[in-house]
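Visitor: Just need the structure, nothing else, for what follows:
(chains A, B, C and D)
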2 protein chains.
Amino acid sequence: MFANSQILTATNTVPAGLAVFPQASVVSDDDLPLEGGQVLHFAKGAEIFGQGERADCLYKVVSGWVRTYRILRDGRRQIEGFHLAGEYFGMEAGAAHRASAEALGSATILVVRRSHLNEIAARQGDVAATLFRLAVQGLQRSQEHVAMLSHKTACERVAGFLLDMAERADAGKRLDLPMSRQDMADYLSLTIETVSRTLSQLQADGLISIPQSRTIVLEDREALEDMCE
Amino acid sequence: MFANSQILTATNTVPAGLAVFPQASVVSDDDLPLEGGQVLHFAKGAEIFGQGERADCLYKVVSGWVRTYRILRDGRRQIEGFHLAGEYFGMEAGAAHRASAEALGSATILVVRRSHLNEIAARQGDVAATLFRLAVQGLQRSQEHVAMLSHKTACERVAGFLLDMAERADAGKRLDLPMSRQDMADYLSLTIETVSRTLSQLQADGLISIPQSRTIVLEDREALEDMCE
DNA sequence: CCGAGTCATTGTTCTGGATCAATGGCAGGC
DNA sequence: GCCTGCCATTGATCCAGAACAATGACTCGG
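Guide: Below is the predicted model of the structure:
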């Protein structure tokens, strides 16, 4: 897969001139030099890949938001995560995608074939290290998800969700969330009614305000943080 | 208890390429060529590494069972996973361990320094690919954990847990679990009482029998599988 | 402007698992 | 053997959030 590469280097020493990635709206230390990838546009609700399809590519959000989810045996939909600009998704250990991915609004996605990534890794050793780090970061995010689901109350889940989204979207007080209440519910493992009720309660308590249903203003961030402990 | 500094200094002088790995009970395609790692023994309940400590090593279970867990802000303990012979744990993206690891019974663990792994990867290219795959497998296991916690009933969680453990331990009908009811509860996000009650109920329904409290016989595996859907 | 469809909110009832509490088994120490 | 402490089981009560139901707000196409 990603042959001839060093792994687990503690520091990233990529010379800036090599990393060519003009479309990226966010360039972080964790960025891979993905020259040669294909930039695609997806309309609202469009499927980027589906559960069970062959997993040949790695994906990166250039702009917009993406949700990845799985349909469980009992028919319920579990949203595994929301992915913002600069974030990667679609990593698989096996040959098939275990989840589906859809654009939340309209979204621009960079798609890189795994075989192509392999070639890049052969030229630039620390690419393998970065891939490993991305996978472990995904693991950690999933473990945070587990911690969130374990015993937390609806209020703690929603407050933590808002803070997480605000941080990752680099939002100030005002937070525009492109997902529906159903999406939030399927991510937080609550019902749509409980999400709605909890948001109303947070507004009644003055911690947030909701000028439009998908715009949330964090009025008292400190109190929200206290709420998640 | 083992001081971490001992482990770390000792591995520095191991000549690469000569040491073998005789104790390994499982050798699969996913195995890394970990010559030069140090094999350590841990007594029941001994800490292998602690939350917040520097993460310099990768760990592999040679024999025995290991639990990894985090103490959450509210003081609760979330068990992230149980690790059996042949499985890896202790992967971190950052410099510090986000979890603690303890031996469940007595356990033998192979410890490899990340820097040493780096050297191996430089000689053998597919090591990087294997590390990536291991990380993604950990991610998938965590996502299964999320699916299990989301909306499943106590009964479904316990039945699924028993089947998962039986499969990974390669057990037939008879399953010897080295962990306490509290460990199961902290993994499944239930209380110890609910775990106990559920096991009793499964026994009353004839799906399992419990000759000793830590030995569980799967009397009707099909019904257990139906239960998790 | 209207009508249809989607999404969000709010009220009511009900249930699964948490919590509190008490008892029962089993192992190790003396 | 008995005591002590830990772990597991079982019972009773309570509560957060699910499920059901109805209404209200917003959007888009015509």
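Visitor: got the residue ranges for the strands in chain A?
Guide: For chain A, applying DSSP state E gives strands covering A:38-42, A:47-49, A:57-63, A:66-71, A:77-83, A:88-89, A:100-103, A:107-113, A:174-176, A:208-212, A:215-218.
Visitor: Which neighbouring elements make contact with the shortest one?
Guide: Using 3 or more Cβ pairs under 8 Å, 6 or more residues apart in numbering or on different chains; DSSP states H and E as the contact criterion, the secondary-structure elements in contact with strand A:88-89 are strand A:57-63. Where you see a C-beta, it was placed from the backbone N, CA and C, and this is true even at glycine.
Visitor: Just give me how far the lengthiest helix in chain A sits from the chain centre.
Guide: Counting residues, the longest helix found in chain A (DSSP state H) is helix A:126-149. Helix A:126-149 sits 11 Å away from the centroid of its parent chain (Cα atoms, centre = their mean, to the nearest Å).
Visitor: Give the rounded mean pLDDT of it.
Guide: Helix A:126-149 shows an average pLDDT of 91 in the prediction.
Visitor: do the same with stretch A:53-69
Guide: 95.
Visitor: now do stretch A:103-123
Guide: In the prediction, stretch A:103-123 has an average pLDDT of 88.
Visitor: Distance from that stretch to the middle of the chain?
Guide: On Cα atoms, centre = their mean, the centre of stretch A:103-123 falls 15 Å from that of its chain.
Visitor: do the same with stretch A:157-176
Guide: So, by Cα atoms, centre = their mean, the centroid of stretch A:157-176 is 13 Å from its chain's centroid.
Visitor: end to end, how far does it reach?
Guide: 18 Å (Cα to Cα, to the nearest Å).
Visitor: what's the nearest residue to the residue most central in space within chain A if we skip its chain neighbours?
Guide: Centroid-nearest residue in chain A: residue A:83, 2.4 Å away (criterion: Cα atoms, centre = their mean). Taking Cβ to Cβ, 6 or more residues apart in numbering or on different chains, and ignoring the residues beside it in sequence, residue A:83 has residue A:66 as its nearest neighbour in space, at 4.3 Å.
Visitor: OK, contacts around the one you found?
Guide: A:48, A:59, A:82-83, A:89, A:101-104, A:107, A:109 (Cβ atoms under 8 Å, 6 or more residues apart in numbering or on different chains).
Visitor: Repeat that for residue A:97.
Guide: Applying Cβ under 8 Å, 6+ apart, the residues near residue A:97 are A:49-55, A:90.
Visitor: so how far is residue A:59 from it?
Guide: Distance of residue A:97 to residue A:59, given as Cβ to Cβ, to the nearest Å: 10 Å.
Visitor: so what sits against both of the two?
Guide: A:49, A:90.
Visitor: from the chain's centre, how far out does stretch A:111-129 sit?
Guide: Here stretch A:111-129 shows a centroid-to-chain-centroid distance of 21 Å under the convention Cα atoms, centre = their mean.
Visitor: Just the CA atoms of that stretch, as PDB, please.
Guide: Output of stretch A:111-129 as PDB, limited to C-alpha atoms (Å, rounded to 0.1, in the frame of the first residue of the first chain):
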ATOM      1  CA  VAL A 111     -10.200  12.800  -4.200                       C
ATOM      2  CA  VAL A 112      -6.900  10.900  -4.300                       C
ATOM      3  CA  ARG A 113      -6.500   7.400  -5.400                       C
ATOM      4  CA  ARG A 114      -4.800   5.100  -2.900                       C
ATOM      5  CA  SER A 115      -2.400   3.900  -5.600                       C
ATOM      6  CA  HIS A 116      -1.500   7.500  -6.400                       C
ATOM      7  CA  LEU A 117      -0.900   8.200  -2.700                       C
ATOM      8  CA  ASN A 118       1.400   5.200  -2.800                       C
ATOM      9  CA  GLU A 119       3.500   6.800  -5.400                       C
ATOM     10  CA  ILE A 120       3.700  10.100  -3.500                       C
ATOM     11  CA  ALA A 121       4.700   8.100  -0.400                       C
ATOM     12  CA  ALA A 122       7.500   6.500  -2.300                       C
ATOM     13  CA  ARG A 123       9.000  10.000  -3.100                       C
ATOM     14  CA  GLN A 124       8.300  11.700   0.300                       C
ATOM     15  CA  GLY A 125       8.900   9.500   3.300                       C
ATOM     16  CA  ASP A 126       7.000  11.400   5.900                       C
ATOM     17  CA  VAL A 127       3.800  11.000   3.900                       C
ATOM     18  CA  ALA A 128       3.400   7.500   5.500                       C
ATOM     19  CA  ALA A 129       3.900   9.100   8.900                       C
END
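Visitor: All set now, cheers.
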